[in-house]
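1. Task: produce atomic coordinates for the following.
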Amino acid sequence: RLAVLGAELLVSSLSALQAGSLRAHAQPEEGASLAPLLSPSDGHIDWTCSAKTIDGQVRGVTPWPGARCGYRGMELKVLAAQPAPTSEPSQSIQPGLVLSVSDAGVVVCCGEGQLLLTRVQPTGRKAQDVGDFLRGYGLEVGENLSLPEAVSEE
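-> Residues are numbered from 1 along each chain as shown. Model prediction:
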């Protein structure tokens, strides 16, 4: 939707610029704000959030500081994910638990919905599609992908 609106605005702006009717206006100082700098903790995935929220977090913190979850006592960067289509309620399942594993992705239970992880990066390794990660590292249904700090606080 924004791509269409942006294209229309660009065409009208270029026409106005060519006609000489485009005028610059200074942005008012009042109401302007700066976005805070991201910190590494902004990338920690909280599985109790909704799949939609975590999907936005992954996209918002990639490439830096990167969305991170736990994997067998280490950190695992999540580089690409999307809410997984589901018809099953997952309220009784602990957020952060792996629900299914396949070359297409790893489905993880969230506070609301499920998230499909499709691209990850183990600590000290190159980014890889989940299928390649599974062949090299393995991951099983029922594993918890919470960060180590989060696991120890429970």
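2. Determine the longest helix present in the protein.
-> Taking DSSP state H as the criterion, the chain has its longest helix at helix 2-19.
3. And for the residue nearest to the spatial centre of the chain, nearest residue in space, chain neighbours not counted?
-> With distances taken as C-alpha atoms, centre = their mean, V58 lies nearest the centre of the chain, 1.5 Å away. With sequence-adjacent residues excluded and distances taken as C-beta to C-beta, 6 or more residues apart in numbering, V58 is closest to A67, at 4.3 Å. Where you see a C-beta, it was placed from the backbone N, CA and C, and this is true even at glycine.
4. Show me the beta-bridge partners of that neighbour.
-> V78 (DSSP bridges).
5. isn't it right next to Q57, touching?
-> Yes - judged on C-beta atoms under 8 Å, A67 makes contact with Q57 at a distance of 5.8 Å.
6. Which neighbours do the two have in common?
-> Residues touching both A67 and Q57 (C-beta atoms under 8 Å, 6 or more residues apart in numbering) are G43, I45.
7. more neighbours, the two?
-> Between A67 and Q57, counted using other C-beta atoms under 10 Å, A67 has the larger neighbour count: 24 against 19.
8. If anything else comes up later, I'll come back, but that's it for now.
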